[in-house]
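Q: Sharing a model that was predicted from the sequence below.
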Amino acid sequence: MNNAEIKIRLIEESDIPEIARVYADSFNRAGIGERWSKENSEAFINYCYHRQPDLFFVASVKDKLVGGIVAFIKPWVEGLDLVETDMFVDPEFQGQGVAISLMKALLKKGIDKYKIERFAGIANGVKDFPMKWYKAIGLNPTDWVYAEGGAREILAKLENGKN
């Protein structure tokens, strides 16, 4: 496949069910421990679409949706940042330039419309993919650590004085 076959455009509301399927499939098959149901992925994609639709791009090849990228604008120390970026590509189309095309569209829009200064992404730091690619395009891991836990378990520990 050549890059001319990859079409990038803003998401449309009618794309939500199909792009949610691509999202779930890409993360379910990535081997990072995320299991997305049809309902959860559709709710997430719908949330992103309504939060900032002008920064949600989809990729298609021969009229088939094969990937997407979404991010949000956040005021930060040095100006506006592009954050909470989520990029996903159908496993059958990975390694064919789809991610590069999506990332370029997102960055161009962020720079042109919002005058962003920085881009921030989150990835599984244990896995080689996508960290190797992120480093190749100029993203540098930081000393910051993303931490998460179960809300009920955290509350229980706080209520039981285990803090």
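A: Noted; the coordinates are in hand. In this text, all values refer to a predicted model and were calculated from it rather than measured experimentally.
Q: switch to C-alpha atoms for all contacts and neighbour counts from now on
A: Fine.
Q: in the chain, which ranges drop under the pLDDT threshold?
A: Within the chain, the set of residues satisfying pLDDT under 70 comprises 1-3, 127, 129, 162-163.
Q: Just the helices from it, written as ranges.
A: If you assign secondary structure with DSSP state H, the helices in the chain sit at 16-28, 38-51, 98-114, 128-136, 151-159.
Q: Let me know which of those helices is tucked in deepest.
A: With neighbours defined as mean count of other C-alpha atoms under 10 Å, the helices of the chain peak in mean count at helix 16-28, which reaches a mean of 20.
Q: now for it, which elements pack on it?
A: For helix 16-28, the helices and strands in contact under the criterion 3 or more C-alpha pairs under 8 Å, 6 or more residues apart in numbering; DSSP states H and E are helix 38-51, strand 64-76, strand 79-89.
Q: Export the ones you listed to TSV and append columns for distance to D15.
A: Formatted as TSV, the entries for those read as follows, by distance: least, C-alpha to C-alpha, whole Å:
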stretch	distance to D15
helix 38-51	10
strand 64-76	8
strand 79-89	15
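Q: out of these, which comes closest to M103?
A: Comparison of those against M103 by C-alpha to C-alpha identifies strand 64-76 as nearest, at 7.2 Å.
Q: just to revisit the earlier point, kindly present the helices of the chain as JSON lines, with separate columns for distance to G67.
A: Written out in JSON lines, the entries for the helices of the chain read as follows (distance: least, C-alpha to C-alpha, whole Å):
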{"stretch": "helix 16-28", "distance to G67": "7"}
{"stretch": "helix 38-51", "distance to G67": "12"}
{"stretch": "helix 98-114", "distance to G67": "7"}
{"stretch": "helix 128-136", "distance to G67": "15"}
{"stretch": "helix 151-159", "distance to G67": "31"}
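Q: Quick check: which of the ones you listed is nearest to F88?
A: Using C-alpha to C-alpha, the nearest of these to F88 is helix 16-28, at 5.9 Å.
Q: Figure out which of the helices and strands packed on helix 16-28 is closest to G95.
A: Of all the helices and strands packed on helix 16-28, the one in closest proximity to G95, counting by C-alpha to C-alpha, is strand 79-89 (9.3 Å).
Q: Which residues does the closest one contact?
A: Strand 79-89 has contacts (C-alpha atoms under 8 Å, 6 or more residues apart in numbering) with 22-23, 26-27, 66-75, 98-99, 110, 114-122.
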